[in-house]
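Asker: Kindly generate the corresponding structure for this input.
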Amino acid sequence: MYISALLSCLLCAVALAKDDKPKTSGTVWVTPHESYSSSVGVLGCKINTDRVAYWPASVDCTNICVSLSYEDREVKLLRIDQSQGAYDVSYDAWNWLYIGKSATDEPTAGGAIEMEFENVKASECKSLIKTKGKKLPLSAANSMNFLASCLDDEDSWVAENYVLFNIADPICSRGYDEECDLDWPDANQATCKHTLGDAPELKDEPVYNVRYPTGERYEASTGVDEDDAAGRVGVWAGLLAVMAVFVVV
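Answerer: Got it, this is the predicted structure:
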């Protein structure tokens, strides 16, 4: 009886261990996510923030690209943030999978929908990255813990495909839009043209969210609607042009 109970416990432990391993494919219940974020400091102004997965497992150094499908539609998503338990994806991606239309064209409300996912090669998500060479854009000030773990695994995709910027936050509201160098492993802090961590307001690279469930695009850092933000920029550009004319005269 004692041996039988012991074997039963061992079998339970093995089953639990298997369940704890992150799945590489299968069925998940997917919910829409409005606000861009990245727990590892991926810069939203350098990627397509309408195609991001926010999933429970920690962000991996190689498996950062997910294929998600519903009915006859499929999208590729960058998995660069960790949720508290939900399988969230960018609202626009969720909307397109659900009804085949962008959330900015035909926004839809809803909850968790059963979809199929599969981890795919990171190279399949390169079209979602805007940097030269399609390298993963990371914050030089705030991504070092994640990057160091990836650099320790020299064969990981991130170790071979990253670029650091002197931008302080994932929504690109503070810092300088400039690349930085890292002399790893001799140094664990990047070198930038401007002081690393000096974070003035950055206006050139706004990140936009898509508001749920209305579909309006707005600046992540200010909450201002995209059209209003564009008008504000236009006014300032006009004033600068007038000032330039007076200076020339």
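Asker: In three-state terms, how would Leu97 be classified?
Answerer: Recorded secondary structure, Leu97: helix (DSSP: H, G, I helix; E, B strand; the rest coil).
Asker: Skipping its backbone neighbours, what lies nearest it in space?
Answerer: Tyr70 (4.3 Å; CB to CB, 6 or more residues apart in numbering). Quick note: C-beta positions are derived from backbone N, CA and C, even for glycine.
Asker: got the contact list for the one you found?
Answerer: Residues near Tyr70 by CB atoms under 8 Å, 6 or more residues apart in numbering: 30, 97-98, 113, 115-116.
Asker: so which of those residues is the most crowded?
Answerer: Highest neighbour count within the contacts of Tyr70, by other CB atoms under 10 Å: Val30, with 25 neighbours.
Asker: Report all helices and strands that whatever helix or strand Pro32 lives in contacts.
Answerer: Assigned by DSSP states H and E, Pro32 belongs to strand 25-33. In terms of contacts (3 or more CB pairs under 8 Å, 6 or more residues apart in numbering; DSSP states H and E), strand 25-33 is packed against strand 87-90, helix 91-99, strand 113-120.
Asker: List the buried residues in it.
Answerer: Using 16 or more other CB atoms under 10 Å as the test for burial, strand 25-33 gives 28, 30-33.
Asker: Determine the number of other residues adjacent to Gly223.
Answerer: Gly223, neighbours per other CB under 10 Å, totals 10.
Asker: How about the one 4 residues further on?
Answerer: Asp227: 11 surrounding residues under other CB under 10 Å.
Asker: Mind putting the helices and strands packed on strand 25-33 into CSV with mean pLDDT?
Answerer: Shown next, in CSV, are the helices and strands packed on strand 25-33 (pLDDT from 0 to 100):
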stretch, mean pLDDT
strand 87-90, 98
helix 91-99, 99
strand 113-120, 98
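Asker: CSV for the ones you listed, including distance to Ser37?
Answerer: Below are the helices and strands packed on strand 25-33 laid out as CSV (distance: least, CB to CB, whole Å):
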stretch, distance to Ser37
strand 87-90, 10
helix 91-99, 13
strand 113-120, 20
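Asker: Out of these, flag the one nearest Val210.
Answerer: Evaluated with CB to CB, those place helix 91-99 nearest to Val210, the distance being 4.9 Å.
Asker: From the chain's centroid, how far away is the closest one?
Answerer: How far helix 91-99 lies from its chain's middle: 17 Å, per CA atoms, centre = their mean, to the nearest Å.
Asker: for stretch 47-61, same thing?
Answerer: 5 Å.
Asker: Quick check: end-to-end length of that stretch?
Answerer: 17 Å (CA to CA, to the nearest Å).
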